[in-house]
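J.: Predicted model follows, preceded by the sequence.
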Amino acid sequence: MNCLSLSRRPRNYSSVIWTSSETHSGVRFGIAKISLGRRMEIAREIRHLGQKLQYLEAGDSVTEKAEASIAAAEIDRVYLRCGLVGIEGLDIDGAPASAESLFTAGPEALTREVVEAIKAEWGLSEEQRKN
């Protein structure tokens with residue numbers, strides 16, 4: 001008889017992945033792993049912006065292209081707010097970096113790196129990000 005033993009040891013699950021920056025030496029950032037709640041939150045927050053972005057990207061005018069860039073940046077801001085858990089090794093204007101300060105006043109290369117890392121970790125395709 002083959003009997004499976006049930007282990008009574010609890011499993012430890014870390015909901016954060018820490019990554020060293022490739023663009024800024026000495027900086028580490030923590031990304032929240034995707035969960036059902038986070039997936040729902042991000043979908044709710046970017047639904048309208050994604051629809052607006054698709055509409056504006058289809059336009060030909062300079063105004064529509066500029067508005068599309070703004071909508072894309074707002075989507076990135078939502079990803080940062082929902083996905084960035086912390087930043088180590090970086091102060092912005094004398095204060096520890098946060099998602100908001102990184103977006104508004106931080107180095108652009110690092111901001112883009114963090115946003116792309118969040119999107120990659122969450123496994124969202126470009127089409128899913130727009131919806």
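T.: Alright, I've got the coordinates.
J.: distance between stretch 93-105 and the chain's centre?
T.: How far stretch 93-105 lies from its chain's middle: 15 Å, per C-alpha atoms, centre = their mean, to the nearest Å.
J.: Kindly export that stretch (C-alpha atoms) in CSV.
T.: Extracted in CSV, the C-alpha atoms of stretch 93-105 (Å, rounded to 0.1, in the frame of the first residue of the first chain):
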residue,chain,number,x,y,z
ASP,A,93,15.6,65.0,-2.8
GLY,A,94,16.9,63.8,0.6
ALA,A,95,14.0,61.4,1.3
PRO,A,96,13.8,57.6,0.8
ALA,A,97,12.5,56.8,-2.7
SER,A,98,8.8,55.7,-3.1
ALA,A,99,6.7,54.7,-6.1
GLU,A,100,5.4,58.3,-6.3
SER,A,101,8.7,60.1,-5.9
LEU,A,102,10.3,57.7,-8.4
PHE,A,103,7.6,58.5,-10.9
THR,A,104,7.6,62.3,-10.4
ALA,A,105,11.2,63.1,-9.6
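J.: Buried residues in that stretch, which are they?
T.: Neighbour-count burial for stretch 93-105, counted by 16 or more other C-beta atoms under 10 Å, picks out Ala97, Ser98, Ala99, Ser101, Leu102, Phe103. (Glycine included, C-beta is placed from N, CA and C.)
J.: Now that stretch: average pLDDT?
T.: For stretch 93-105, the mean pLDDT works out to 96.
J.: Kindly report the same for stretch 41-59.
T.: Stretch 41-59 shows a mean pLDDT of 83.
J.: Could I get the buried residue list for that stretch?
T.: Within stretch 41-59, the residues that qualify as buried are Ile42, Glu45, Ile46, Leu49, Gly50, Lys52, Leu53, Leu56, counting by 16+ other C-beta under 10 Å.
J.: Secondary structure added to those residues, as CSV?
T.: Formatted as CSV, the buried residues of stretch 41-59 follow (DSSP: H, G, I helix; E, B strand; the rest coil):
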residue, secondary structure
Ile42, helix
Glu45, helix
Ile46, helix
Leu49, helix
Gly50, helix
Lys52, helix
Leu53, helix
Leu56, helix
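J.: What ranges does the chain have for its strands?
T.: 16-20, 28-32, 84-88, 91-92, 95-96 (DSSP state E).
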